[in-house]
Structures are given as C-alpha cells and as structure tokens.
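J.: no FASTA, just this:
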C-alpha cells in the first residue's frame, strides 16, 4: 500500500508558567493508504495532541510531518487550512453540526467553503448520506435526529470532499453502546471501500474494531501492532 502519512521525530511542547510540558516526544510513525488505525492511550498520553498535528489543526515544536509526500510542517496557516479542507475529513465526539440546518445542508458545508456549485453540492451531499445509510433523513434538522443519526451526518460531512483521511476523535463517546457499534460498523464498511481511517479513543472495545493499534504513553509510542 502507498504511504500516506509519515512523521519523523514529531514533538510538541507547551510552556506552563516556568514549566515545560512535553505532550508529544519524538514520535515517528508511518500510515499507508487504506489503513484503519486506532490511536489509544490514557489521559495525558499525547493522543489528542497527535490527532491535532495529523489533522493540521496545530503545528509541531520539532520534527516533520509528511502528508501525501508533502512536508506540512513548513506550511503557512492558509496552506494548512487548504489541506484541512481538501485532504482531511473530521468527525468529532460532539458532532459539531449546525442545529438549524437540515442534514443535507450540514453535509454540504465543506463544499460551500470549497466554492462548489449549489447543484453539485446537493448531489454530493445526498451521495455521502447514502454512504452512511441516512439518505431518508436528509431533510431533517440535526436537532430532530438521534445521537447516532447526528454522528452519521457528521461522517457524511467528513466524506463529502473525498478526503485522503478520515480523522475521528472519540466518535462514539456521546453515544449509547448500540449506536456506538452501528457507527463503528460504518467505519469498517468505509475502510473496506478503500477509505483511510484514524480513530482516537480511550476505549479498548472501539480500538479493537480497527486493523492496527498505536498505543501512546507519556507522549511516546509504547506499542504499534496490527490487530
């Protein structure tokens, strides 16, 4: 499989008063296209920091991050924003939907920012909702949907730009166990269709749905195994 992500000695430090906190400490990993990876670790392990760096939401203090062969560590804020919109689909624990918009309108939002024509936006949004088995609820506002349905809308929104990676941060954290299993089944289906998926979780049961586990502790990779 083709290499999609490569980090070389990636580190992130924060200054807290006179104290320096090393949230991530010389992490070097490679992720290939069409992998399904879970990043796991206890609170304070660095998993959220690594997620933010991989998602171009933050920049490293030291080291390099290559995405699709491009060193994003040296890019400007505007260039990082462009990569976030084109290359990465985000799924968050809290869904981050606009409550007054219909499901299809929420899914269209990345295409609005990308300047896609309204007619094409609508077609792509409905196709993405079809991928998550939610096309029948396209006209419903997000506050009329269950938690599981809202997360399906969020996944459809992440898919709509045909990103290189889906990055999901605790995607089942706000769901009951049955809805959580349904969401993980959707991720598994998307992976089988060729999508690269990276999930950050503290739940072993969720991590076990992935095909590879990267375990972080104290900002370092403690374990990296194919499951």
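T.: Perfect, thanks for sending it. Keep in mind it's a predicted model, so treat the numbers as computed, not measured.

J.: hey, let's count contacts and neighbours off CA atoms from now on
T.: Noted.

J.: Would you map the strands across this protein?
T.: 3-16, 19-27, 30-32, 36-40, 62-67, 70-71, 88-92, 165-169, 196-201, 212-217, 220-226 (DSSP state E).

J.: now these in JSON lines, with distance to residue 181, mean pLDDT and mean neighbour count?
T.: Formatted as JSON lines, the strands of the chain follow (distance: least, C-alpha to C-alpha, whole Å; pLDDT from 0 to 100; neighbours: other C-alpha atoms under 10 Å):
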{"stretch": "strand 3-16", "distance to residue 181": "27", "mean pLDDT": "93", "mean neighbour count": "17"}
{"stretch": "strand 19-27", "distance to residue 181": "30", "mean pLDDT": "90", "mean neighbour count": "17"}
{"stretch": "strand 30-32", "distance to residue 181": "24", "mean pLDDT": "96", "mean neighbour count": "16"}
{"stretch": "strand 36-40", "distance to residue 181": "15", "mean pLDDT": "96", "mean neighbour count": "26"}
{"stretch": "strand 62-67", "distance to residue 181": "30", "mean pLDDT": "95", "mean neighbour count": "20"}
{"stretch": "strand 70-71", "distance to residue 181": "35", "mean pLDDT": "92", "mean neighbour count": "14"}
{"stretch": "strand 88-92", "distance to residue 181": "16", "mean pLDDT": "94", "mean neighbour count": "22"}
{"stretch": "strand 165-169", "distance to residue 181": "15", "mean pLDDT": "95", "mean neighbour count": "25"}
{"stretch": "strand 196-201", "distance to residue 181": "14", "mean pLDDT": "95", "mean neighbour count": "23"}
{"stretch": "strand 212-217", "distance to residue 181": "18", "mean pLDDT": "96", "mean neighbour count": "21"}
{"stretch": "strand 220-226", "distance to residue 181": "21", "mean pLDDT": "94", "mean neighbour count": "14"}
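
J.: right, and residue 111 touches residue 161 too?
T.: Yes - using C-alpha atoms under 8 Å, residue 111 is in contact with residue 161, at 6.8 Å.

J.: Just list whatever residues bridge to the residue nearest the centre of the chain.
T.: Centroid check for the chain by C-alpha atoms, centre = their mean gives residue 167 as the closest residue, at 1.1 Å. Going by DSSP bridges, residue 167 is paired in beta bridges with residue 90, residue 198.
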